[in-house]
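Trainee: after the sequence you'll find the predicted model.
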Amino acid sequence: MSSQWTPEAIRALGATTDLPTLGSIFGVSRWRAYQMAHTGEWQEVGIRIVSIGVKYRVAVQSILEVLRHDGAARSGTRRHSAPPGHVQAPRNITGTITKPSAPPATRGGR
C-alpha cells in the first residue's frame with residue numbers, strides 16, 4: 001500500500017472515485033481491481049461500487065468505512081489501528097475472499 005493514501009488523501013477524492021484509484025489504495029493492480037469489481041469481491045468486503053454503463057464509480061465513504069477511518073466507532077469489533085497517516089487494508093482484500101459458511105442445519109422439524 002502506498003504511503004500517499006492517508007485518510008485525508010482518500011477523503012480529498014470527493015464522493016466517488018474510479019477502480020484504478022481503489023486498486024492503488026489497496027495495493028492491487030488495475031486489472032485486479034476491475035476483476036474484483038466484476039466478480040463482486042469488493043462488494044463482499046463492503047466497498048460500494050456503482051456501474052454506470054461501462055464505467056464503475058466507487059463510493060469513497062465505503063473505502064473509509066472498510067479501512068475504519070470513517071470516524072464512527074464500531075461496537076463489538078476490535079479496532080486495529082494503522083500508524084498515524086496510513087491506511088490499513090482488510091486482511092482478506094488481496095487474497096481470495098472466502099464466504100462465510102452456512103449455519104449448521106438443525107435436526108428434526110424446522
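Mentor: Sure thing, it's come through. Keep in mind it's a predicted model, so treat the numbers as computed, not measured.
Trainee: at which residues are the strands of the protein located?
Mentor: Under the criterion DSSP state E, the chain carries strands at the ranges 16-17, 49-52, 55-59.
Trainee: list the helices and strands the last one packs on?
Mentor: If I follow you right, that is strand 55-59. Helices and strands touching strand 55-59, by 3 or more C-beta pairs under 8 Å, 6 or more residues apart in numbering; DSSP states H and E, are strand 16-17, helix 19-26, strand 49-52. The C-beta positions use only the backbone N, C-alpha and C, and glycine is treated the same way.
Trainee: pick the most deeply packed of those.
Mentor: For the helices and strands packed on strand 55-59, the largest average neighbour count (mean count of other C-beta atoms under 10 Å) is found in helix 19-26, namely a mean of 21.
Trainee: mean confidence score for it?
Mentor: Here helix 19-26 scores 96 as its mean pLDDT.
Trainee: elements contacting that helix?
Mentor: Right, helix 19-26 is packed against helix 30-39, strand 55-59 by 3+ C-beta pairs under 8 Å, 6+ apart.
Trainee: could you point out which of those sits nearest residue 24?
Mentor: Residue 24 lies closest, by C-beta to C-beta, to one member of the helices and strands packed on helix 19-26: helix 30-39, at 8.2 Å.
Trainee: now that closest one - C-alpha only, CSV.
Mentor: Extracted in CSV, the C-alpha atoms of helix 30-39 (Å, rounded to 0.1, in the frame of the first residue of the first chain):
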residue,chain,number,x,y,z
ARG,A,30,-5.7,-2.0,-12.2
TRP,A,31,-6.5,-5.3,-13.9
ARG,A,32,-7.2,-7.0,-10.5
ALA,A,33,-9.3,-4.0,-9.3
TYR,A,34,-11.6,-4.5,-12.4
GLN,A,35,-11.7,-8.2,-11.9
MET,A,36,-12.7,-7.8,-8.3
ALA,A,37,-15.5,-5.4,-9.3
HIS,A,38,-16.7,-7.9,-11.9
THR,A,39,-16.8,-10.8,-9.5
